[in-house]
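Asker: Quick one, fold the following:
(chains A, B, C and D)
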Protein chains: 2
Amino acid sequence: MKAKKDINTEEKIIEAAKKVFVRHGMAGARMQRIADEAGINKALLHYYFRSKEKLFAIVFQKVIKEAIPQIVRIFDTDMHFFDKIRMFVREYLEFINKNPYLPMFIIHELASRPEHLKELLKTVEVDKDFIFEDIQREVDKGTIRPIEPMQLMVNIISLCIFPVVAKPMINEFFIHDEKGDLYAQFLEERKELVADFVINSIKKSESES
Amino acid sequence: MKAKKDINTEEKIIEAAKKVFVRHGMAGARMQRIADEAGINKALLHYYFRSKEKLFAIVFQKVIKEAIPQIVRIFDTDMHFFDKIRMFVREYLEFINKNPYLPMFIIHELASRPEHLKELLKTVEVDKDFIFEDIQREVDKGTIRPIEPMQLMVNIISLCIFPVVAKPMINEFFIHDEKGDLYAQFLEERKELVADFVINSIKKSESES
DNA sequence: GTCTATAAGGTGATAGAC
DNA sequence: GTCTATCACCTTATAGAC
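Answerer: Okay, the predicted model is just below:
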(Lines give C-alpha, C1' and ligand atoms only; values in the text may rest on other atoms or scores of the structure.)
Protein backbone atom coordinates (compact mmCIF):
# COMPACT_ATOMS: atom_id res chain seq x y z
CA MET A 1 0.00 0.00 0.00
CA LYS A 2 2.81 2.31 0.85
CA ALA A 3 4.36 1.60 -2.50
CA LYS A 4 1.18 2.44 -4.34
CA LYS A 5 0.73 5.75 -2.59
CA ASP A 6 4.39 6.44 -3.15
CA ILE A 7 4.13 6.09 -6.88
CA ASN A 8 1.03 8.18 -7.07
CA THR A 9 2.58 11.03 -5.16
CA GLU A 10 5.74 10.89 -7.20
CA GLU A 11 3.73 11.02 -10.39
CA LYS A 12 1.59 13.83 -9.07
CA ILE A 13 4.70 15.83 -8.25
CA ILE A 14 6.28 15.28 -11.63
CA GLU A 15 3.12 16.29 -13.43
CA ALA A 16 2.78 19.40 -11.30
CA ALA A 17 6.44 20.27 -11.75
CA LYS A 18 6.14 19.81 -15.49
CA LYS A 19 3.24 22.21 -15.62
CA VAL A 20 5.02 24.89 -13.59
CA PHE A 21 8.46 24.49 -15.14
CA VAL A 22 7.16 24.51 -18.71
CA ARG A 23 5.10 27.57 -18.04
CA HIS A 24 7.58 29.66 -16.05
CA GLY A 25 10.98 28.17 -16.81
CA MET A 26 13.54 26.99 -14.29
CA ALA A 27 14.32 30.50 -13.02
CA GLY A 28 10.69 31.57 -12.77
CA ALA A 29 9.33 28.38 -11.23
CA ARG A 30 8.73 28.23 -7.48
CA MET A 31 8.82 25.09 -5.39
CA GLN A 32 5.87 26.35 -3.40
CA ARG A 33 3.87 26.66 -6.59
CA ILE A 34 4.73 23.13 -7.60
CA ALA A 35 3.73 21.84 -4.17
CA ASP A 36 0.40 23.66 -4.39
CA GLU A 37 -0.20 22.32 -7.88
CA ALA A 38 0.47 18.79 -6.64
CA GLY A 39 -1.69 19.32 -3.57
CA ILE A 40 1.09 18.43 -1.17
CA ASN A 41 3.63 20.08 1.07
CA LYS A 42 6.79 21.79 -0.02
CA ALA A 43 8.98 19.61 2.16
CA LEU A 44 7.68 16.55 0.40
CA LEU A 45 9.17 17.74 -2.84
CA HIS A 46 12.60 17.53 -1.29
CA TYR A 47 11.82 14.19 0.24
CA TYR A 48 11.16 12.74 -3.22
CA PHE A 49 13.61 14.77 -5.27
CA ARG A 50 16.44 16.19 -3.18
CA SER A 51 16.59 19.54 -4.95
CA LYS A 52 14.90 21.82 -7.44
CA GLU A 53 17.72 21.12 -9.87
CA LYS A 54 17.19 17.36 -9.65
CA LEU A 55 13.47 17.70 -10.13
CA PHE A 56 14.02 19.95 -13.08
CA ALA A 57 16.38 17.47 -14.70
CA ILE A 58 13.77 14.73 -14.52
CA VAL A 59 11.04 16.96 -15.91
CA PHE A 60 13.27 18.26 -18.67
CA GLN A 61 14.16 14.80 -19.91
CA LYS A 62 10.56 13.70 -19.76
CA VAL A 63 9.46 16.73 -21.72
CA ILE A 64 12.10 16.21 -24.38
CA LYS A 65 10.92 12.69 -24.97
CA GLU A 66 7.41 13.97 -25.51
CA ALA A 67 8.37 16.83 -27.75
CA ILE A 68 10.38 14.82 -30.21
CA PRO A 69 7.38 12.73 -30.87
CA GLN A 70 6.57 9.59 -32.68
CA ILE A 71 4.84 11.65 -35.32
CA VAL A 72 8.05 11.60 -37.32
CA ARG A 73 7.20 7.96 -37.98
CA ILE A 74 4.67 9.26 -40.46
CA PHE A 75 7.54 9.53 -42.87
CA ASP A 76 8.21 5.83 -42.50
CA THR A 77 4.95 4.81 -44.15
CA ASP A 78 4.33 4.18 -47.83
CA MET A 79 1.88 7.03 -48.32
CA HIS A 80 2.33 9.50 -51.12
CA PHE A 81 5.05 11.95 -50.12
CA PHE A 82 2.73 14.94 -50.24
CA ASP A 83 0.21 13.12 -48.09
CA LYS A 84 2.92 12.48 -45.54
CA ILE A 85 3.52 16.20 -45.38
CA ARG A 86 -0.17 16.92 -45.01
CA MET A 87 -0.53 14.39 -42.23
CA PHE A 88 2.62 15.50 -40.48
CA VAL A 89 1.54 19.14 -40.46
CA ARG A 90 -1.93 18.31 -39.22
CA GLU A 91 -0.77 16.09 -36.38
CA TYR A 92 2.19 18.20 -35.41
CA LEU A 93 0.10 21.35 -35.27
CA GLU A 94 -2.40 19.46 -33.16
CA PHE A 95 0.33 18.44 -30.74
CA ILE A 96 1.93 21.87 -30.52
CA ASN A 97 -1.47 23.42 -30.05
CA LYS A 98 -2.07 21.21 -27.04
CA ASN A 99 1.36 22.07 -25.65
CA PRO A 100 1.95 25.64 -26.75
CA TYR A 101 4.55 26.43 -24.10
CA LEU A 102 6.60 23.33 -24.70
CA PRO A 103 8.84 24.37 -27.60
CA MET A 104 9.74 27.69 -26.05
CA PHE A 105 10.47 26.05 -22.74
CA ILE A 106 12.96 23.70 -24.37
CA ILE A 107 14.56 26.43 -26.41
CA HIS A 108 14.73 28.87 -23.54
CA GLU A 109 16.33 26.44 -21.11
CA LEU A 110 18.67 25.04 -23.71
CA ALA A 111 19.81 28.56 -24.56
CA SER A 112 20.19 29.58 -20.93
CA ARG A 113 22.70 26.90 -19.98
CA PRO A 114 23.58 24.73 -22.93
CA GLU A 115 26.63 23.12 -21.37
CA HIS A 116 24.64 21.92 -18.41
CA LEU A 117 21.60 20.61 -20.23
CA LYS A 118 23.40 18.94 -23.10
CA GLU A 119 24.19 16.06 -20.81
CA LEU A 120 20.52 15.48 -20.16
CA LEU A 121 19.97 15.08 -23.87
CA LYS A 122 22.50 12.32 -24.19
CA THR A 123 19.85 9.83 -23.15
CA VAL A 124 17.43 10.89 -25.85
CA GLU A 125 17.83 9.33 -29.24
CA VAL A 126 16.23 11.04 -32.21
CA ASP A 127 15.43 8.84 -35.15
CA LYS A 128 15.91 11.39 -37.89
CA ASP A 129 18.03 9.79 -40.59
CA PHE A 130 15.23 7.92 -42.29
CA ILE A 131 13.27 11.14 -42.74
CA PHE A 132 16.18 12.82 -44.43
CA GLU A 133 16.68 9.74 -46.59
CA ASP A 134 13.00 9.75 -47.44
CA ILE A 135 13.15 13.35 -48.60
CA GLN A 136 16.38 12.79 -50.52
CA ARG A 137 14.75 9.85 -52.30
CA GLU A 138 11.97 12.12 -53.57
CA VAL A 139 14.52 14.63 -54.81
CA ASP A 140 16.45 11.89 -56.58
CA LYS A 141 13.28 10.51 -58.13
CA GLY A 142 12.56 13.99 -59.39
CA THR A 143 9.22 14.14 -57.65
CA ILE A 144 10.11 17.43 -56.01
CA ARG A 145 12.45 20.33 -56.63
CA PRO A 146 16.00 19.88 -55.36
CA ILE A 147 16.29 20.95 -51.73
CA GLU A 148 18.50 19.91 -48.88
CA PRO A 149 16.38 17.57 -46.71
CA MET A 150 17.46 19.33 -43.54
CA GLN A 151 16.35 22.71 -44.92
CA LEU A 152 12.97 21.36 -45.97
CA MET A 153 12.45 19.72 -42.60
CA VAL A 154 13.34 22.90 -40.73
CA ASN A 155 11.03 24.89 -42.97
CA ILE A 156 8.10 22.64 -42.19
CA ILE A 157 8.80 22.64 -38.47
CA SER A 158 9.24 26.42 -38.43
CA LEU A 159 5.89 26.93 -40.11
CA CYS A 160 4.25 24.68 -37.53
CA ILE A 161 5.88 25.74 -34.31
CA PHE A 162 6.61 29.44 -34.59
CA PRO A 163 3.09 30.78 -35.10
CA VAL A 164 1.91 28.87 -32.03
CA VAL A 165 4.86 29.85 -29.87
CA ALA A 166 4.78 33.47 -30.96
CA LYS A 167 1.06 33.81 -30.34
CA PRO A 168 1.40 36.52 -27.68
CA MET A 169 3.68 38.50 -29.96
CA ILE A 170 1.78 38.15 -33.22
CA ASN A 171 -1.55 38.54 -31.51
CA GLU A 172 -0.45 41.72 -29.79
CA PHE A 173 1.15 43.36 -32.80
CA PHE A 174 -1.01 42.21 -35.68
CA ILE A 175 -4.41 41.13 -34.45
CA HIS A 176 -5.24 42.88 -31.17
CA ASP A 177 -7.59 40.08 -30.27
CA GLU A 178 -8.58 40.18 -26.63
CA LYS A 179 -10.43 36.91 -26.40
CA GLY A 180 -8.07 34.91 -28.58
CA ASP A 181 -10.77 33.40 -30.76
CA LEU A 182 -9.40 35.00 -33.88
CA TYR A 183 -6.02 33.50 -33.24
CA ALA A 184 -7.47 30.05 -32.70
CA GLN A 185 -9.20 30.38 -36.05
CA PHE A 186 -6.01 31.63 -37.63
CA LEU A 187 -4.18 28.53 -36.41
CA GLU A 188 -7.00 26.25 -37.48
CA GLU A 189 -6.70 27.51 -41.04
CA ARG A 190 -3.00 26.69 -40.97
CA LYS A 191 -3.65 22.96 -40.68
CA GLU A 192 -4.35 22.91 -44.41
CA LEU A 193 -2.56 26.07 -45.44
CA VAL A 194 0.91 25.14 -44.26
CA ALA A 195 0.93 21.83 -46.10
CA ASP A 196 -0.34 23.52 -49.25
CA PHE A 197 2.28 26.21 -48.90
CA VAL A 198 5.07 23.66 -48.60
CA ILE A 199 3.81 21.38 -51.34
CA ASN A 200 3.30 24.26 -53.75
CA SER A 201 6.86 25.27 -53.11
CA ILE A 202 8.54 21.93 -53.76
CA LYS A 203 6.16 20.69 -56.46
CA LYS A 204 7.63 20.98 -59.92
CA SER A 205 5.74 23.04 -62.47
CA GLU A 206 4.57 21.46 -65.71
CA SER A 207 7.48 22.78 -67.74
CA GLU A 208 10.00 21.11 -65.45
CA SER A 209 10.88 17.52 -66.23
CA MET B 1 29.90 67.88 -16.51
CA LYS B 2 27.60 66.17 -14.07
CA ALA B 3 24.96 65.96 -16.73
CA LYS B 4 27.33 64.40 -19.22
CA LYS B 5 28.55 61.77 -16.84
CA ASP B 6 25.00 61.17 -15.82
CA ILE B 7 23.87 60.39 -19.30
CA ASN B 8 26.79 58.13 -19.93
CA THR B 9 26.17 56.07 -16.85
CA GLU B 10 22.49 55.84 -17.55
CA GLU B 11 23.20 54.63 -21.05
CA LYS B 12 25.79 52.17 -19.81
CA ILE B 13 23.28 50.73 -17.36
CA ILE B 14 20.55 50.37 -19.94
CA GLU B 15 22.88 48.65 -22.37
CA ALA B 16 24.11 46.29 -19.67
CA ALA B 17 20.57 45.61 -18.50
CA LYS B 18 19.47 44.92 -22.03
CA LYS B 19 22.21 42.38 -22.48
CA VAL B 20 21.42 40.55 -19.25
CA PHE B 21 17.61 40.73 -19.49
CA VAL B 22 17.52 39.58 -23.10
CA ARG B 23 19.82 36.70 -22.34
CA HIS B 24 18.34 35.47 -19.06
CA GLY B 25 14.85 36.91 -18.96
CA MET B 26 13.33 38.96 -16.15
CA ALA B 27 13.22 36.04 -13.71
CA GLY B 28 16.73 34.84 -14.46
CA ALA B 29 18.42 38.25 -14.54
CA ARG B 30 20.35 39.43 -11.48
CA MET B 31 20.88 43.06 -10.56
CA GLN B 32 24.41 42.23 -9.47
CA ARG B 33 25.11 40.84 -12.93
CA ILE B 34 23.80 43.97 -14.58
CA ALA B 35 25.93 46.14 -12.30
CA ASP B 36 29.03 44.09 -13.13
CA GLU B 37 28.25 44.30 -16.83
CA ALA B 38 27.94 48.09 -16.57
CA GLY B 39 31.08 48.32 -14.47
CA ILE B 40 29.32 50.08 -11.62
CA ASN B 41 27.84 49.36 -8.25
CA LYS B 42 24.58 47.64 -7.54
CA ALA B 43 23.27 50.53 -5.48
CA LEU B 44 23.71 52.82 -8.44
CA LEU B 45 21.18 50.83 -10.40
CA HIS B 46 18.56 51.74 -7.86
CA TYR B 47 19.68 55.33 -7.81
CA TYR B 48 18.97 55.65 -11.53
CA PHE B 49 16.04 53.27 -11.85
CA ARG B 50 14.22 52.75 -8.60
CA SER B 51 13.58 49.06 -9.07
CA LYS B 52 14.34 46.02 -11.20
CA GLU B 53 10.80 46.18 -12.52
CA LYS B 54 11.22 49.79 -13.65
CA LEU B 55 14.53 49.04 -15.31
CA PHE B 56 13.01 46.06 -17.05
CA ALA B 57 10.13 48.11 -18.37
CA ILE B 58 12.51 50.59 -19.98
CA VAL B 59 14.63 47.85 -21.52
CA PHE B 60 11.59 45.97 -22.75
CA GLN B 61 10.16 48.96 -24.56
CA LYS B 62 13.50 49.80 -26.06
CA VAL B 63 13.93 46.24 -27.28
CA ILE B 64 10.46 46.15 -28.80
CA LYS B 65 11.17 49.23 -30.82
CA GLU B 66 14.28 47.61 -32.21
CA ALA B 67 12.68 44.29 -32.97
CA ILE B 68 9.76 45.61 -34.95
CA PRO B 69 12.19 47.21 -37.29
CA GLN B 70 12.06 49.61 -40.14
CA ILE B 71 12.79 46.74 -42.46
CA VAL B 72 9.09 46.40 -43.05
CA ARG B 73 9.40 49.62 -45.03
CA ILE B 74 10.90 47.50 -47.76
CA PHE B 75 7.36 46.70 -48.72
CA ASP B 76 6.68 50.37 -49.25
CA THR B 77 9.01 50.67 -52.23
CA ASP B 78 8.17 50.14 -55.88
CA MET B 79 10.43 47.14 -56.35
CA HIS B 80 9.11 43.98 -57.91
CA PHE B 81 7.12 42.09 -55.29
CA PHE B 82 9.38 39.07 -55.37
CA ASP B 83 12.42 41.30 -54.94
CA LYS B 84 10.82 42.82 -51.89
CA ILE B 85 10.54 39.36 -50.42
CA ARG B 86 14.17 38.57 -51.25
CA MET B 87 15.36 41.78 -49.69
CA PHE B 88 13.15 41.44 -46.65
CA VAL B 89 14.38 37.91 -45.95
CA ARG B 90 18.00 38.87 -46.37
CA GLU B 91 17.86 41.89 -44.10
CA TYR B 92 15.58 40.35 -41.54
CA LEU B 93 17.77 37.26 -41.25
CA GLU B 94 20.76 39.53 -40.88
CA PHE B 95 19.08 41.38 -38.05
CA ILE B 96 17.86 38.29 -36.24
CA ASN B 97 21.27 36.73 -36.62
CA LYS B 98 22.85 39.67 -34.84
CA ASN B 99 20.21 39.49 -32.10
CA PRO B 100 19.44 35.80 -31.80
CA TYR B 101 18.06 35.98 -28.25
CA LEU B 102 15.77 38.89 -28.97
CA PRO B 103 12.67 37.23 -30.40
CA MET B 104 12.53 34.58 -27.73
CA PHE B 105 13.02 37.14 -25.01
CA ILE B 106 10.02 39.08 -26.23
CA ILE B 107 7.89 36.00 -26.63
CA HIS B 108 8.91 34.54 -23.30
CA GLU B 109 8.21 37.67 -21.31
CA LEU B 110 5.01 38.39 -23.17
CA ALA B 111 3.82 34.87 -22.43
CA SER B 112 4.85 35.02 -18.78
CA ARG B 113 2.74 38.02 -17.82
CA PRO B 114 0.73 39.26 -20.76
CA GLU B 115 -1.59 41.49 -18.78
CA HIS B 116 1.29 43.37 -17.25
CA LEU B 117 3.39 43.85 -20.39
CA LYS B 118 0.56 44.73 -22.74
CA GLU B 119 0.55 48.21 -21.30
CA LEU B 120 4.17 48.69 -22.25
CA LEU B 121 3.27 47.92 -25.84
CA LYS B 122 0.66 50.63 -26.02
CA THR B 123 3.40 53.13 -26.82
CA VAL B 124 4.69 51.12 -29.76
CA GLU B 125 2.95 51.61 -33.05
CA VAL B 126 3.40 48.97 -35.73
CA ASP B 127 2.89 50.14 -39.25
CA LYS B 128 1.59 46.94 -40.71
CA ASP B 129 -1.46 47.76 -42.76
CA PHE B 130 0.37 48.88 -45.85
CA ILE B 131 2.20 45.54 -46.00
CA PHE B 132 -1.03 43.62 -45.93
CA GLU B 133 -2.46 45.94 -48.53
CA ASP B 134 0.61 45.45 -50.65
CA ILE B 135 0.25 41.69 -50.54
CA GLN B 136 -3.47 41.85 -51.19
CA ARG B 137 -2.81 44.00 -54.24
CA GLU B 138 -0.57 41.32 -55.70
CA VAL B 139 -3.22 38.71 -55.11
CA ASP B 140 -5.84 40.90 -56.78
CA LYS B 141 -3.58 41.57 -59.73
CA GLY B 142 -3.17 37.84 -60.07
CA THR B 143 0.59 38.00 -59.73
CA ILE B 144 0.56 35.41 -56.97
CA ARG B 145 -1.68 32.61 -55.81
CA PRO B 146 -4.51 33.62 -53.50
CA ILE B 147 -3.38 33.70 -49.89
CA GLU B 148 -4.43 35.67 -46.86
CA PRO B 149 -1.80 38.41 -46.43
CA MET B 150 -1.52 37.75 -42.73
CA GLN B 151 -0.80 34.06 -43.33
CA LEU B 152 1.86 34.84 -45.91
CA MET B 153 3.50 37.36 -43.63
CA VAL B 154 3.54 34.94 -40.71
CA ASN B 155 4.98 32.24 -42.95
CA ILE B 156 7.86 34.44 -44.01
CA ILE B 157 8.58 35.59 -40.48
CA SER B 158 8.40 32.03 -39.16
CA LEU B 159 10.92 30.84 -41.73
CA CYS B 160 13.26 33.66 -40.73
CA ILE B 161 13.01 33.69 -36.98
CA PHE B 162 12.45 30.14 -35.85
CA PRO B 163 15.61 28.52 -37.20
CA VAL B 164 17.72 31.18 -35.52
CA VAL B 165 15.85 31.08 -32.24
CA ALA B 166 15.75 27.30 -32.13
CA LYS B 167 19.43 26.94 -32.87
CA PRO B 168 20.29 25.18 -29.61
CA MET B 169 17.45 22.75 -30.15
CA ILE B 170 17.96 21.99 -33.82
CA ASN B 171 21.71 21.94 -33.45
CA GLU B 172 21.53 19.50 -30.60
CA PHE B 173 19.06 17.11 -32.16
CA PHE B 174 19.91 17.23 -35.84
CA ILE B 175 23.44 18.42 -36.33
CA HIS B 176 25.53 17.71 -33.23
CA ASP B 177 27.88 20.50 -34.14
CA GLU B 178 30.13 21.46 -31.25
CA LYS B 179 31.72 24.55 -32.72
CA GLY B 180 28.62 25.90 -34.39
CA ASP B 181 30.23 26.53 -37.76
CA LEU B 182 27.91 24.14 -39.52
CA TYR B 183 24.92 25.95 -38.15
CA ALA B 184 26.26 29.31 -39.25
CA GLN B 185 26.62 27.89 -42.73
CA PHE B 186 23.15 26.41 -42.55
CA LEU B 187 21.72 29.83 -41.72
CA GLU B 188 23.81 31.53 -44.39
CA GLU B 189 22.27 29.28 -47.03
CA ARG B 190 18.84 30.29 -45.86
CA LYS B 191 19.31 33.90 -46.93
CA GLU B 192 18.59 32.80 -50.49
CA LEU B 193 16.73 29.60 -49.80
CA VAL B 194 13.90 31.03 -47.74
CA ALA B 195 13.00 33.63 -50.34
CA ASP B 196 13.11 31.00 -53.10
CA PHE B 197 10.97 28.70 -51.00
CA VAL B 198 8.34 31.38 -50.46
CA ILE B 199 8.37 32.66 -54.02
CA ASN B 200 8.12 29.17 -55.47
CA SER B 201 5.11 28.60 -53.29
CA ILE B 202 3.12 31.68 -54.23
CA LYS B 203 4.22 31.95 -57.87
CA LYS B 204 1.61 30.74 -60.30
CA SER B 205 2.54 27.90 -62.62
CA GLU B 206 2.32 28.41 -66.38
CA SER B 207 -1.06 26.72 -66.69
CA GLU B 208 -2.63 29.12 -64.23
CA SER B 209 -3.96 32.36 -65.65
C1' DG C 1 5.29 9.32 3.96
C1' DT C 2 3.67 13.61 5.30
C1' DC C 3 3.49 17.50 7.96
C1' DT C 4 5.13 22.16 10.67
C1' DA C 5 8.81 24.93 11.87
C1' DT C 6 13.02 26.79 10.90
C1' DA C 7 17.54 27.27 9.11
C1' DA C 8 20.74 29.04 5.43
C1' DG C 9 21.62 31.61 1.63
C1' DG C 10 20.52 34.67 -1.99
C1' DT C 11 18.49 38.94 -3.99
C1' DG C 12 16.25 43.41 -4.41
C1' DA C 13 16.30 47.56 -2.12
C1' DT C 14 17.75 51.34 1.21
C1' DA C 15 20.84 54.23 4.50
C1' DG C 16 24.42 56.98 4.96
C1' DA C 17 29.34 58.37 4.20
C1' DC C 18 32.11 60.60 0.75
C1' DG D 1 26.89 60.62 -8.38
C1' DT D 2 29.05 56.82 -6.48
C1' DC D 3 30.39 53.85 -3.02
C1' DT D 4 30.13 50.36 1.33
C1' DA D 5 27.33 48.34 4.61
C1' DT D 6 23.13 46.56 5.81
C1' DC D 7 18.19 45.49 5.87
C1' DA D 8 14.12 42.87 4.75
C1' DC D 9 12.23 39.56 2.24
C1' DC D 10 11.89 35.53 -0.49
C1' DT D 11 13.16 30.83 -1.71
C1' DT D 12 15.45 26.58 -1.34
C1' DA D 13 16.49 23.17 1.75
C1' DT D 14 16.63 20.64 6.23
C1' DA D 15 15.19 19.04 11.12
C1' DG D 16 12.21 16.77 13.66
C1' DA D 17 7.44 15.48 15.23
C1' DC D 18 3.73 12.41 13.92
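
Asker: What sits closest to the residue nearest in space to the middle of chain A if chain neighbours are left out?
Answerer: Chain A has A:A67 as the residue nearest its centroid, 4.1 Å off, counting by CA atoms, centre = their mean. For A:A67, ignoring the flanking residues on the chain, the nearest one in space by CB to CB, 6 or more residues apart in numbering or on different chains is A:L102 at 5.5 Å. For every residue, glycine as well, the C-beta is placed using N, CA and C.

Asker: quick revisit: distance-wise, check the residue nearest to the centre of chain A relative to A:D196.
Answerer: 25 Å (CB to CB, to the nearest Å).

Asker: next one: A:S112
Answerer: 36 Å.

Asker: Tell me the helix or strand right after the longest helix seen in chain A.
Answerer: Using DSSP state H, we find that the single longest helix of chain A is helix A:2-28. As assigned by DSSP states H and E, the chain's next helix or strand after helix A:2-28 is helix A:31-38.

Asker: all helices for chain A, in order.
Answerer: Counting by DSSP H, the helices of chain A are A:2-28, A:31-38, A:42-48, A:52-67, A:81-98, A:102-112, A:114-121, A:129-141, A:149-165, A:167-170, A:181-202.

Asker: For B:I106, find the nearest of those.
Answerer: helix A:167-170 (5.8 Å; CB to CB).

Asker: Show me what that closest one is packed up against.
Answerer: Applying 3 or more CB pairs under 8 Å, 6 or more residues apart in numbering or on different chains; DSSP states H and E, one finds that helix A:167-170 contacts helix B:102-112.

Asker: can you do 10 Å?
Answerer: Counting contacts by 3 or more CB pairs under 10 Å, 6 or more residues apart in numbering or on different chains; DSSP states H and E, helix A:167-170 is packed against helix A:149-165, helix A:181-202, helix B:102-112, helix B:114-121, helix B:149-165.

Asker: picking that back up, could you dump the helices of chain A to TSV with distance to B:S207 and mean pLDDT?
Answerer: TSV is the format used below for the helices of chain A (distance: least, CB to CB, whole Å; pLDDT from 0 to 100):
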stretch	distance to B:S207	mean pLDDT
helix A:2-28	48	88
helix A:31-38	57	98
helix A:42-48	64	98
helix A:52-67	41	95
helix A:81-98	18	95
helix A:102-112	39	94
helix A:114-121	48	88
helix A:129-141	22	95
helix A:149-165	24	97
helix A:167-170	34	91
helix A:181-202	13	96
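
Asker: need the contact list for the residue nearest to the centre of chain A.
Answerer: A:95-96, A:99, A:102-103, A:105-106, A:124, A:161, B:169, B:173 (CB atoms under 10 Å, 6 or more residues apart in numbering or on different chains).

Asker: Now stretch A:137-152: buried residues?
Answerer: A:138-139, A:144-145, A:147, A:149-152 (16 or more other CB atoms under 10 Å in any protein chain shown).

Asker: what do you get for stretch A:104-123?
Answerer: Buried, per 16+ other CB under 10 Å, within stretch A:104-123: A:104-112, A:117, A:120-121.

Asker: which of those lies closest to DNA strand C?
Answerer: Nearest to DNA strand C out of the buried residues of stretch A:104-123 is A:S112 (CB to the nearest atom of the strand; 13.4 Å).

Asker: The closest one contacts A:G25, correct?
Answerer: Yes: using CB atoms under 10 Å, A:S112 makes contact with A:G25 at a distance of 7.9 Å.

Asker: wait, what's in contact with A:R190?
Answerer: Contacts for A:R190 (CB under 10 Å, 6+ apart) come out as A:89-90, A:93, A:97, A:159-160, A:163-164, A:196-197, B:151, B:154-155.

Asker: thinking A:Y48 is in contact with A:N41, fair?
Answerer: No: using CB under 10 Å as the test, A:Y48 is too far from A:N41 to be in contact (11.1 Å).

Asker: what about the two, which has more around it?
Answerer: A:Y48 (17 against 12; other CB atoms under 10 Å in any protein chain shown).

Asker: show me what contacts that one?
Answerer: A:6, A:9-10, A:12-14, A:38, A:40, A:54-55, A:58.

Asker: Look up how far B:Q32 lies from A:G39.
Answerer: In terms of CB to CB, A:G39 sits 36 Å off from B:Q32.

Asker: Same check on A:V126?
Answerer: 38 Å.

Asker: what do you get for A:M153?
Answerer: Taking CB to CB, one finds A:M153 at 42 Å from B:Q32.

Asker: Of the two, give the one with the bigger neighbour count.
Answerer: Higher neighbour count among A:M153 and B:Q32: A:M153, with 20 against 12, using other CB under 10 Å.

Asker: Isn't the more buried one up against A:V72?
Answerer: Yes: between A:M153 and A:V72 there is a contact under CB under 10 Å: 9.4 Å.

Asker: what's the overlap in contacts for these two?
Answerer: Common neighbours of A:M153 and A:V72 (CB under 10 Å, 6+ apart) are A:88, A:128, A:131.

Asker: Let's have the residues you listed in CSV, adding distance to DNA strand C.
Answerer: Supplementary listing: the shared contacts of A:M153 and A:V72 in CSV, determined by distance: CB to the nearest atom of the strand, whole Å:
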residue, distance to DNA strand C
A:F88, 41
A:K128, 37
A:I131, 41
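
Asker: Tell me the buried residues within these.
Answerer: Buried among these by 16+ other CB under 10 Å: A:88, A:128, A:131.

Asker: Please name the nearest non-neighbouring residue to A:E148.
Answerer: Closest residue to A:E148 apart from its sequence neighbours, by CB to CB, 6+ apart: B:E189 at 7.6 Å.

Asker: Please disregard the earlier target; I meant A:I199.
Answerer: Going by CB to CB, 6+ apart, A:I199 has A:F82 as its nearest residue, at 5.1 Å.
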